[in-house]
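Participant: dropping the sequence and predicted coords here.
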Amino acid sequence: MAIEMIMPKVDMDQETGTVVEWLKTEGQEVKEGETILVIETDKIAIDVESPGTGTLAGISAHPGDVIPIGTVIAYVLEEGEEIPEGAAHQAEVAEPPQLEPNMEKASPAATPVARKMAESHGLDLSELSPTGKGGKVTRDDVKAALDGSKAPHADGKVIATPAARRAARLKGLDLREVKGSGPGGRIQASDVKNHQPGSGIPAPSPVRSGEEIPLIGMRRTIAERLTDSYQNIPHIQFTASVDMTNFNKARKDYNDLATQRGDGKVSVTALLVKLVAMTLADHPWLNSSLQDDRILLHEHINLGLAVALEKGLIVPVVKDADRKGIAEIAAETNDLVTRAREETLTNADVKGATFTISNLGPFGVEQFNAIINPPEVGILAVGATVPQVAALEGGAIAVRPIMRFTLSADHRVVDGAVAARFIADLKATLENPILMNY
């Protein structure tokens, strides 16, 4: 009997999926469990496996097509079979199977970062050796397991990101020839682009002028959503300058302590996340959403971090940022940004943001306006910290590290005075990080 291959549902609020690339073509033999298709949801790329063994036939969805979930997009046929005559191209949306309460497998204790890392790499937490307090699995435990995991080509399988698979197919490159630089030897898109056949030595990827790139997948989603946001949301912007002297000192103190404890360092972004979340707690209108004819003031403060990728932008989320300590936020932001660039984020990692931070300071951009990511009502654009001459109290002149940030707010929800008070409080908090302990 012909096996239907449908556009899968991988997220609870997913309505469509975009076909990025077929890894097998019409008439080719496929095996059950073999990756034969790459799709994208709103944010992430996903490998889709063959539902059976046989011949791939009746492909009706092509790269760039946006397909409703549950739609039949191809068939897998056994020898002698044909595509069902008059077969429907719309299937029922299948909900993920639910386990009975007594069938659920108990999950071992683990830190939030360790749990996310293990989930993204398909590791079973129960099989790891915990070293944390109270028998918790830590980030280092997961990393150790990844570093000691089997080779990326074990059992004839290649561990690679969806982007790496696409890049290899376009170059006509066998992934088994590529050395992966990701966790556990996972092959990244950059590994494929920099691979020099026959030498094993990465080579600079060439720039091809005049190349036409189809507007599909993530790039298409970004284009549609930001156009809609810019056209339909009345943006108002507020800019302030911040003396980062005390911010820089606080970060240095945290990193000195982290070094003593053997923890990872605290990035500028991590400290920004904590201080912005702390300020949002006193300004609920900025941590809200406009949904139809009502304004929802969110109970949780979930901060999205805009991360630039070669093919677009992705926004992983630090959930409950106001309730977490600096060390936990530092580890989580580092993990999220790393996995964003490796293209190993899960749907859970990019869902639920209530406010977004976009930091272009590392690129030398001193000031910019960001477009709101709906249904959020605010986004903070953070510029580079640069030395500038500043007038101090009492009329003294000194050179200080100055950073400019710009708030873009949805004027349908946020009034000017409300945004101005948030800006004033955030400026005071960034200039006096000790307030987080007050």
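Facilitator: The structure has been received and is ready for your questions.
Participant: for the rest of this, base every contact and every neighbour count on C-alpha atoms.
Facilitator: OK.
Participant: domain assignment for the chain?
Facilitator: 3-77, 108-193, 218-437 (automatic domain parsing).
Participant: now do the same contact list for Thr429.
Facilitator: Listed by CA atoms under 8 Å, 6 or more residues apart in numbering, the contact partners of Thr429 are Leu275, Thr279, Leu435, Met436.
Participant: in JSON lines: those, plus distance to Pro63.
Facilitator: Compiled in JSON lines, the contacts of Thr429 are given as follows (distance: CA to CA, whole Å):
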{"residue": "Leu275", "distance to Pro63": "42"}
{"residue": "Thr279", "distance to Pro63": "44"}
{"residue": "Leu435", "distance to Pro63": "52"}
{"residue": "Met436", "distance to Pro63": "49"}
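Participant: how about the closest residue in space to Pro316 that isn't next to it in sequence, what does it touch?
Facilitator: Distance criterion CA to CA, 6 or more residues apart in numbering; nearest residue to Pro316, sequence neighbours excluded, is Val350 at 4.4 Å. Residues near Val350 by CA under 8 Å, 6+ apart: Lys43, Gly304, Ile314, Val315, Pro316, Val317.
Participant: turn those residues into JSON lines, including distance to Thr16 and secondary structure.
Facilitator: What follows is the contacts of Val350, written out as JSON lines (distance: CA to CA, whole Å; DSSP: H, G, I helix; E, B strand; the rest coil):
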{"residue": "Lys43", "distance to Thr16": "12", "secondary structure": "coil"}
{"residue": "Gly304", "distance to Thr16": "23", "secondary structure": "strand"}
{"residue": "Ile314", "distance to Thr16": "18", "secondary structure": "strand"}
{"residue": "Val315", "distance to Thr16": "19", "secondary structure": "coil"}
{"residue": "Pro316", "distance to Thr16": "20", "secondary structure": "coil"}
{"residue": "Val317", "distance to Thr16": "22", "secondary structure": "strand"}
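Participant: what's the lowest-pLDDT member of these?
Facilitator: For these, the weakest pLDDT value sits at Lys43, with 68.
Participant: Leu24 against Leu37, yeah?
Facilitator: For the record, residue 24 is Lys, not Leu. Yes - under the contact definition of CA atoms under 8 Å, Lys24 touches Leu37, with a separation of 7.3 Å.
Participant: pick out whichever of those two has more residues nearby.
Facilitator: The neighbour comparison of Lys24 against Leu37 (other CA atoms under 10 Å) goes to Leu37, with 19 against 16.
Participant: quick check: phi and psi at Leu290.
Facilitator: Torsion angles at Leu290 (phi, psi; degrees, to the nearest 10) stand at phi -100, psi 110.
Participant: where along the stretch 101-250 of the chain do the strands fall?
Facilitator: Secondary structure of the stretch 101-250 of the chain, counting by DSSP state E, counting those that start in this stretch: strands at 235-243.
Participant: may I see the buried residues of stretch 368-386?
Facilitator: Across stretch 368-386, burial judged by 16 or more other CA atoms under 10 Å covers 368-374, 376-386.
Participant: isn't Thr344 up against Thr161?
Facilitator: Yes - taking contacts as CA under 8 Å, Thr344 lies within contact range of Thr161: 6.9 Å.
Participant: more crowded one of these two?
Facilitator: Under the criterion of other CA under 10 Å, the comparison of Thr344 against Thr161 puts Thr344 first, with 24 against 20.
Participant: so the more buried one sits in a strand?
Facilitator: No - secondary structure assignment (DSSP: H, G, I helix; E, B strand; the rest coil) places Thr344 in coil, not in a strand.
Participant: tell me the confidence at it?
Facilitator: Model confidence at Thr344, expressed as pLDDT, equals 78.
Participant: got it, and Gly54?
Facilitator: At Gly54, the model reports a pLDDT of 91.
Participant: what about it, how many residues nearby?
Facilitator: Applying other CA under 10 Å, we find 21 other residues in the vicinity of Gly54.
Participant: partners of it in the sheet?
Facilitator: Per DSSP bridges, the residues bridged to Gly54 are Val30.
Participant: wait, it touches Glu79, no?
Facilitator: Yes - the pair formed by Gly54 and Glu79 meets the contact definition of CA under 8 Å, at 7.1 Å.
Participant: and the gap between the closest residue to Pro214 other than its chain neighbours and Thr18?
Facilitator: Excluding the flanking residues, the one nearest Pro214 by CA to CA, 6+ apart is Gly64, at 7.7 Å. Applying CA to CA, to the nearest Å, the value for Gly64 to Thr18 is 6 Å.
Participant: pick out whichever of those two has more residues nearby.
Facilitator: More neighbours surround Thr18 than the other of Gly64 and Thr18, with 26 against 18 (other CA under 10 Å).
Participant: direction included, what does the host helix or strand of that one pair against?
Facilitator: Per DSSP states H and E, Thr18 falls inside strand 16-22. Sheet pairing here is set by DSSP bridges, and for strand 16-22 it gives strand 35-40 (antiparallel), strand 66-68 (antiparallel).
Participant: from Ala45, how far out is the residue nearest to Pro316?
Facilitator: Looking at Val350 against Ala45, where the rule is CA to CA, the gap reads 12 Å.
Participant: what lies in contact with the strand holding Thr18?
Facilitator: Under the contact criterion CA under 8 Å, 6+ apart, strand 16-22 has outside partners 7-8, 36-42, 61-69, 166, 216-217.
Participant: where in the stretch 201-350 of the chain is pLDDT low?
Facilitator: For the stretch 201-350 of the chain, residues meeting the criterion pLDDT under 70 lie at 201-209, 216-217, 310-311.
Participant: repeat that with 90
Facilitator: Segments of the stretch 201-350 of the chain classed as low confidence (criterion: pLDDT under 90) are 201-226, 261-264, 291-293, 308-314, 338-348, 350.
Participant: so what's Ile295 bridging to?
Facilitator: Here Ile295 sits in beta bridges with Leu290, going by DSSP bridges.
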